[in-house]
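Novice: with the input below, show me the fold.
(2 chains)
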Amino acid sequence: MSLRIYNTLSRKKEEFTTIEPGKVRMYVCGPTVYADAHLGHAMSALVFDIVRRYLEYKGYEVRYVMNFTDVDDNIINKANELKVDPYNLAQHYIDGYKRNLEGLNIKPATVHPRATEDMPQIIKMIQDLITNESAYQVNGDVYFSVDNDADYGKLSGRNLQTMNAGSRIQVDERKAHPMDFALWKSAKPGEPAWDSPWGPGRPGWHIECSAMNMAHLGEQIDIHGGGNDLIFPHHENEIAQTESLTHKPFSRYWMHNGMFGLKDEKMSKSLGNMVTIDDFLAEHPGDIMRLWVLNGSYRSPLTYSEAVIEQTTQGYKRLLSAKKPALPGAKGLPESALGALASAAESARNAFIEAMDDDFNTASAMSTVYELGKQINQARADGATDDQLKIVQSAFNELTGTLGLQLEEEKLSGSNADAFIDLLISVRRELRAEKNWAMSDKIRDELKKLGVNLEDSKDGTSWNWDA
RNA sequence: GGCGACGUGGCCAAGUGGUAAGGCAGGAGUCUGCAAAACUCUCAUCAUGGGUUCAAUUCCCAUCGUCGCCUCCA
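Specialist: Numbers count the residues shown, from 1 in each chain, chains lettered A, B, ... in the order given. So this is what the prediction gives:
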């Protein structure tokens, strides 16, 4: 049983093999940092976090690079508007992004390079491309020449003849070919600039990813990821730049996640129709967003709606229920029932791996997790003890943990409410003994409003924080 | 105009050439003083029209619809 990954380059699922045995070199395009990150960024970051975690589960050592693009028109414009240094502005949003990633339980990348800190590599790469005749300079600008790249367009399935360059924006007539793109832009007044052989300026959008790949992972990598809106032109151009120099296949697998949308259009900074990660996390646990992503296919679009968030929250509560301990008066299952539990755990694990091996089919993997959860709850209802539940719960924790789900009950931060809630419950127990239903129901209702759910059973009352 | 993806129950969403996982919601029950949770049972013929096949939701063609990219974008 081996892992298969859908490769955008071949538009097929391919068996996954690495350049170096046991090791994965993986690069994911991070955001351009000039605004708060939105749920589209969250989706992409979650998708590749899940990929990374599963590869690690399979035993690979993953070197994971996620960059920050911190030179770009939007950043410069915004910094000028606010009269702040662009570097500091970018830093502000990088800090925010990292905080968001943490809130979503996304593991930090092995390296988080930013373009402005790899400037020597970028300039060197441009120089080599010029030497190579893959690029040319015009008055301090440097362009990549698509005509000199025989297989330009192979990732996005386009060819230069049928592409409609200039149909929507004015083409700079200094370019040799309309599709040529900037590697280096000469500085205009009021812009940050770096010295280069072509005069002061700054890198174009695509070169920094090629250079950072080269600097942090080498000439060839195993997985390159990002949103499918990056296929063209960004990733196409990355391939063109890197392969024109190395003459070797750049990334073995190109993975692209679907777009996160708001109603009928994708969420994006330029459209201004975004829900930020901060907004979301203020209202919901990070697990909800992750579960939402897991419930579908990473290559398909996801559409924002309150109803779906609500549904996901209910599903999340169901998962939490599987983690609960044995019932208060649990008598234990007979020895004969334990074998079935062990084999349920084992077959769930196998089904999970089979699903994930098929291009990270998380929706299918989740169905086995839900079923395992049901088996846990059945065992509990039948009187299993904590030790017996552990047989299945340990597998449940292993699988949900692999997907990056935390499944920890919400706690009020820094609160020591537990003792007070326990006190109220013991008072209520006496009220119930006296059949004072009015008062005991009132306590339950009022606690509910405060986010505490009481659950009565024959053998006592348990409680939990509302998700 | 070009490239690509998609259309599965009220909602979200897997999947397969031989009559369709899972979650949410709904219905019926068990438990409970009631409620909640949990458990049990229940709930679809897969956009439309053709074609291939012993057999298609799954393959092919067409139509309709939706979305992404071709400009910055995860």
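Novice: I'd guess residue A:462 is in a strand, am I close?
Specialist: Yes - with DSSP: H, G, I helix; E, B strand; the rest coil as the criterion, residue A:462 is part of a strand.
Novice: from RNA strand B, how far off is it?
Specialist: Look at residue A:462 and RNA strand B: by C-beta to the nearest atom of the strand, to the nearest Å, they are 8 Å apart. In this view, the C-beta of every residue, glycine as well, is placed from N, C-alpha and C.
Novice: please name the nearest non-neighbouring residue to that residue.
Specialist: Of all residues not flanking residue A:462 in the chain, residue A:455 sits nearest, at 5.2 Å (C-beta to C-beta, 6 or more residues apart in numbering).
Novice: what about that neighbour, how many neighbours?
Specialist: Residues within reach of residue A:455, counting by other C-beta atoms under 10 Å, total 11.
Novice: buried ones in the helix or strand hosting it, by neighbour count?
Specialist: Under DSSP states H and E, the secondary-structure element containing residue A:455 is strand A:452-457. By neighbour count on 16 or more other C-beta atoms under 10 Å, the buried set for strand A:452-457 is A:452, A:454.
Novice: return the list of strands paired to that strand, each annotated with direction.
Specialist: Counting by DSSP bridges, the strands paired with strand A:452-457 are strand A:460-465 (antiparallel).
Novice: can you give me how far the partner strand is from the chain middle?
Specialist: Using C-alpha atoms, centre = their mean, to the nearest Å, the mean C-alpha position of strand A:460-465 is found 34 Å from that of the whole chain.
Novice: with just CA atoms, put it into CSV.
Specialist: Extracted in CSV, the C-alpha atoms of strand A:460-465 (Å, rounded to 0.1, in the frame of the first residue of the first chain):
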residue,chain,number,x,y,z
GLY,A,460,-24.4,11.4,38.7
THR,A,461,-24.0,14.6,36.7
SER,A,462,-21.2,15.4,34.3
TRP,A,463,-20.6,18.7,32.6
ASN,A,464,-18.6,20.3,29.8
TRP,A,465,-18.0,23.6,28.2
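Novice: what comes up buried for that strand?
Specialist: Counting neighbours by 16+ other C-beta under 10 Å, one finds that the buried residues in strand A:460-465 are A:461, A:463, A:464.
Novice: ok, now which ones touch the last one?
Specialist: Put plainly, it is residue A:464. Under the criterion of C-beta atoms under 8 Å, 6 or more residues apart in numbering, the contact partners of residue A:464 comprise A:320, A:409, A:452, A:453, A:455.
Novice: confidence-wise, which of these comes last?
Specialist: Lowest in pLDDT among the contacts of residue A:464 is residue A:409, which has 74.
Novice: buried ones in the longest helix seen in chain A?
Specialist: Ranked by number of residues, the top helix in chain A under DSSP state H is helix A:335-357. Neighbour-count burial for helix A:335-357, with 16+ other C-beta under 10 Å as criterion, is recorded at A:338, A:341, A:344, A:345, A:348, A:349, A:351, A:352, A:353, A:355, A:356, A:357.
Novice: which stretches of the stretch 1-150 of chain A form helices?
Specialist: Assigned by DSSP state H, counting those that start in this stretch, the helices in the stretch 1-150 of chain A fall at A:39-57, A:73-82, A:86-103, A:119-131.
Novice: nearest to RNA strand B, out of the ones you listed?
Specialist: If you check each of these against RNA strand B by C-beta to the nearest atom of the strand, helix A:39-57 wins as the nearest, at 2.3 Å.
Novice: could you list the domains of chain A?
Specialist: A:4-287, A:325-402, A:418-465 (automatic domain parsing).
Novice: any idea how far the closest residue to residue A:80 other than its chain neighbours lies from residue A:203?
Specialist: Taking C-beta to C-beta, 6+ apart as the measure, residue A:80 lies nearest to residue A:190, with 6.3 Å between them; neighbours along the chain are not counted. With distances taken as C-beta to C-beta, to the nearest Å, residue A:190 is found 18 Å from residue A:203.
Novice: these two: which is more packed in?
Specialist: A side-by-side neighbour count of residue A:190 and residue A:203, using other C-beta under 10 Å, places residue A:203 first with 27 against 10.
Novice: who's residue A:69 bridged to?
Specialist: According to DSSP bridges, the partner residues bridging residue A:69 are residue A:32.
Novice: A helix includes residue A:254, no?
Specialist: No - the assignment for residue A:254 by three-state DSSP gives strand, which leaves it out of any helix.
Novice: does it touch residue A:11 like I think?
Specialist: No - with the criterion set as C-beta atoms under 8 Å, residue A:254 and residue A:11 do not qualify as a contacting pair; they are 10.0 Å apart.
Novice: contact partners for residue A:4?
Specialist: Residue A:4 makes contact with A:13, A:14, A:15, A:16, A:357, A:358, A:359 under the criterion C-beta under 8 Å, 6+ apart.
Novice: start and end of stretch A:198-209, how far apart?
Specialist: For stretch A:198-209, the separation between the terminal residues is 20 Å (C-alpha to C-alpha, to the nearest Å).
Novice: can you give me the buried ones in it?
Specialist: Buried, per 16+ other C-beta under 10 Å, within stretch A:198-209: A:198, A:201, A:202, A:203, A:204, A:205, A:206, A:207, A:208, A:209.
Novice: related to what we said a few turns ago, and RNA strand B, which of the contacts of residue A:4 reach it?
Specialist: residue A:358 (C-beta under 7 Å from any atom of the strand).
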